[in-house]
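**Q** Pasting a predicted model and its sequence here:
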Amino acid sequence: MASWLPETLFETVGQGPPPSKDYYQLLVTRSQVIFRWWKISLRSEYRSTKPGEAKENHEDFLENLHLRVAKVNRRIEHLHSRPRSAHTLQELEKLCMSDKLWEQIVQSTCNTLTPDVRALAEDTGWRQLFFTNKLQLQRQLRKRKQKYGSLREKQP
């Protein structure tokens, strides 16, 4: 006997959240659930990646879905049971934003640091200096020299 249901019961497609450009498709038919994905990347290691596909019958899909939800719930409970993890992340964030850390990074990556560059880093921050491109750095140094050069001329 023919079913009144169409072969495709549900279909949705979408793109992963930024910075991902990957595409996904979820297709529910009368007999199975199909999940397909396409890796979209300019990186050379992903150029030969083929689209993926996972097919499961409805019972297996629901069983696996319950297992996945249970695993996620356990992970969330574990994170809530460890209040120190949030504190640790805050401390790690403070360290990553620390001017002393970025000063060491800049000094280890640059061969020479002129007194002007050091003074600029003290004014703007070592992290900002590290992420400034060469052209912007030269422009900032010129402006700084003009500003402080004109201040020195005005002093008696």
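**A** Looks like it arrived, so ask away. Numbers count the residues shown, from 1 in each chain.
**Q** in which helix or strand would I find residue 101?
**A** helix 99-109 (DSSP states H and E).
**Q** And the helix or strand following that helix, what does it pack against?
**A** With elements assigned by DSSP H and E, the helix or strand that comes after helix 99-109 is helix 115-124. If you count contacts as 3 or more C-beta pairs under 8 Å, 6 or more residues apart in numbering; DSSP states H and E, helix 115-124 packs onto helix 126-130, helix 134-154. To be clear about C-beta, it is placed using only N, CA and C from the backbone, and glycine gets the same treatment.
**Q** ranking these by mean pLDDT, which is last?
**A** In terms of mean pLDDT, the lowest-scoring of the helices and strands packed on helix 115-124 is helix 134-154 (a mean of 77).
**Q** Centre-most residue in the protein?
**A** residue 19 (6.8 Å; C-alpha atoms, centre = their mean).
**Q** about what we covered before: mind putting the helices and strands packed on helix 115-124 in TSV, mean neighbour count included?
**A** Output for the helices and strands packed on helix 115-124, formatted as TSV (neighbours: other C-beta atoms under 10 Å):
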stretch	mean neighbour count
helix 126-130	18
helix 134-154	11
